[in-house]
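Chemist: 3D, please:
(chains A and B)
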Number of protein chains: 2
Amino acid sequence: MTRRGLLLILSSPSGAGKSTLSRMLMDWDPTLRFSVSATTRPPRPGESDGREYHFRSREDFQRMIAQGEMLEHAEVFGNFYGSPRAPVLAAMEAGTDTVFDIDWQGGQQIKQAMRGDVVSVFILPPSIAELDRRLRARGQDSEAVIAGRMAKSRDEISHWAEYDYVLVNAALDETFARLTTILSAERLRRERQPQLSAFVRALNEEFDAR
Amino acid sequence: MTRRGLLLILSSPSGAGKSTLSRMLMDWDPTLRFSVSATTRPPRPGESDGREYHFRSREDFQRMIAQGEMLEHAEVFGNFYGSPRAPVLAAMEAGTDTVFDIDWQGGQQIKQAMRGDVVSVFILPPSIAELDRRLRARGQDSEAVIAGRMAKSRDEISHWAEYDYVLVNAALDETFARLTTILSAERLRRERQPQLSAFVRALNEEFDAR
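Modeler: Residues are numbered from 1 along each chain as shown, chains lettered A, B, ... in the order given. Now for the predicted structure:
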């Protein structure tokens, strides 16, 4: 019997490094599965359907919610975002860990639904000045959009204490090392290793045979 | 404010590698504190008071229990064993992690008393044949003592499912790497980092000042 897959939730304000860290994780362990969210917002330049997001119409998205196909969903800035449920459950059964790059609302819904299978990590920026710098460095957003992101960042940061682990992303390599340490350790938790029951049964049979 | 020290409980049947792993941990991180147990059993050749154990008379030990000075204690093979409480609490306040090399009874008592501060790891042998081999390799115990240890081992192993993490010690270096991964990750848990509250307060002041 294989290990039971866990759900690794990464949340952070925009610009704190969450997406970069997610990509690094996927490179570090190619067996990880990234949960691609569905959304009703239109694709940005360079985004393609099924890679950054599953782009869906409002009607499609609402039908998926109604049929219970979403593990979590929320409306942000007038658009729906959500995580399809079926591929997550299939991955868990197959012993594959799933990485979620989502906000606190989504994280909280997944935690309520999946409890002990969830490992949640919040990434804090080293300072707000640095967060602002990273947001501007993207160079693709208007001043109004950046102001909106900063307001949302403050709201997102206010939920830091709801997470299992908190990392301050001052140096990317160090933060990444800590993230892989957390994932590696969480895989060793007893309840994630159902194969141990059979192993201990075999030890007891060895005692019996002495 | 410093990090809050955690209590790392290592349990295993005799011969599964727990004591070796404890020593390796202390070398790996000299800031770790090893909880030296008190006992009423007489010293073995080569053991010295305060290093392997605090050797105490039965009267002294019972007085310590009566005065609440023991974090946990148990009677095994007619001798008392226990962990003095005061140095553990002092270490936690100072942000120092304490390592306990104790059996399931002690582990359970500490977990009940200290709850969220405890990280418990059970070390399983790869097989009973290997456990037997390691016990005999010590070359200092009689056949009757070994038989008694094997019976106690079976009892100890029956409690594996009460631990947070379980490691099968097939290859020492690999088991040790996993143990340090667990300790490193547990140090990153939010509730072990009380300094984060002040850090997030500073981020909010930075938002206010914009």
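
Chemist: which ones are touching the residue in chain A positioned nearest to chain B?
Modeler: Going by C-beta to the nearest C-beta, chain B is nearest to A:A185 of chain A, at 3.4 Å. All C-beta spots, glycine's among them, are computed from the backbone N, C-alpha and C. Residues in contact with A:A185 (C-beta atoms under 8 Å, 6 or more residues apart in numbering or on different chains) are B:165, B:181-182, B:184-186.

Chemist: let's see it at 10 Å
Modeler: Shown in contact with A:A185 (C-beta atoms under 10 Å, 6 or more residues apart in numbering or on different chains): A:119, A:165, B:119, B:164-165, B:178-186, B:188.

Chemist: please apply the same query to A:S14.
Modeler: A:S14 makes contacts with A:103, A:125, A:131, A:134-135, A:138, A:141, A:146, A:148-150, A:152-153, A:156, as judged by C-beta under 10 Å, 6+ apart.

Chemist: ok, A:I102 next?
Modeler: Counted by C-beta under 10 Å, 6+ apart, A:I102 has contacts A:9-11, A:18, A:35, A:37, A:71-72, A:74, A:81-83, A:108-110, A:120.

Chemist: among these, which pair sits farthest apart?
Modeler: Spanning the widest gap among the contacts of A:I102 are A:K18 and A:L71, at 18.5 Å by C-beta to C-beta.

Chemist: so of the contacts of A:S14, which ones are in helices?
Modeler: A:131, A:134-135, A:146, A:148-150, A:152-153, A:156 (DSSP state H).

Chemist: before we move on, back to that, which one of the contacts of A:A185 is nearest A:W28?
Modeler: Comparing the contacts of A:A185 against A:W28 with C-beta to C-beta places B:T181 closest, at 14.0 Å.

Chemist: neighbours around that closest one, how many?
Modeler: Using other C-beta atoms under 10 Å in any protein chain shown, B:T181 has 20 other residues around it.

Chemist: for chain A, what spans make up the helices?
Modeler: A:18-28, A:58-66, A:86-93, A:104-114, A:128-137, A:143-157, A:172-186, A:195-208.

Chemist: so for stretch A:190-200, what gets flagged as buried?
Modeler: For stretch A:190-200, a neighbour-count test (16 or more other C-beta atoms under 10 Å in any protein chain shown) marks A:190, A:192-193, A:196, A:200 as buried.

Chemist: just the terminal-to-terminal distance for it.
Modeler: 12 Å (C-alpha to C-alpha, to the nearest Å).

Chemist: contacting residues around it?
Modeler: Residues from elsewhere that reach stretch A:190-200, judged by C-beta under 10 Å, 6+ apart: A:1-6, A:95, A:97, A:116-117, A:119, A:186-187, B:120-122, B:124, B:126-127, B:157-158, B:160-168.

Chemist: so stretch A:167-178, near chain B or not?
Modeler: Yes - Stretch A:167-178 is in contact with chain B by C-beta under 10 Å from any C-beta of the partner chain, via A:167-168, A:177-178.

Chemist: mind putting these into a markdown table with neighbour count and pLDDT?
Modeler: Formatted as a markdown table, the residues of stretch A:167-178 next to chain B follow (neighbours: other C-beta atoms under 10 Å in any protein chain shown; pLDDT from 0 to 100):
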| residue | neighbour count | pLDDT |
| --- | --- | --- |
| A:L167 | 24 | 97 |
| A:V168 | 21 | 97 |
| A:A177 | 12 | 98 |
| A:R178 | 20 | 98 |
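
Chemist: of the residues you listed, closest to B:R210?
Modeler: Using C-beta to C-beta, these come closest to B:R210 at A:V168, 19.9 Å.
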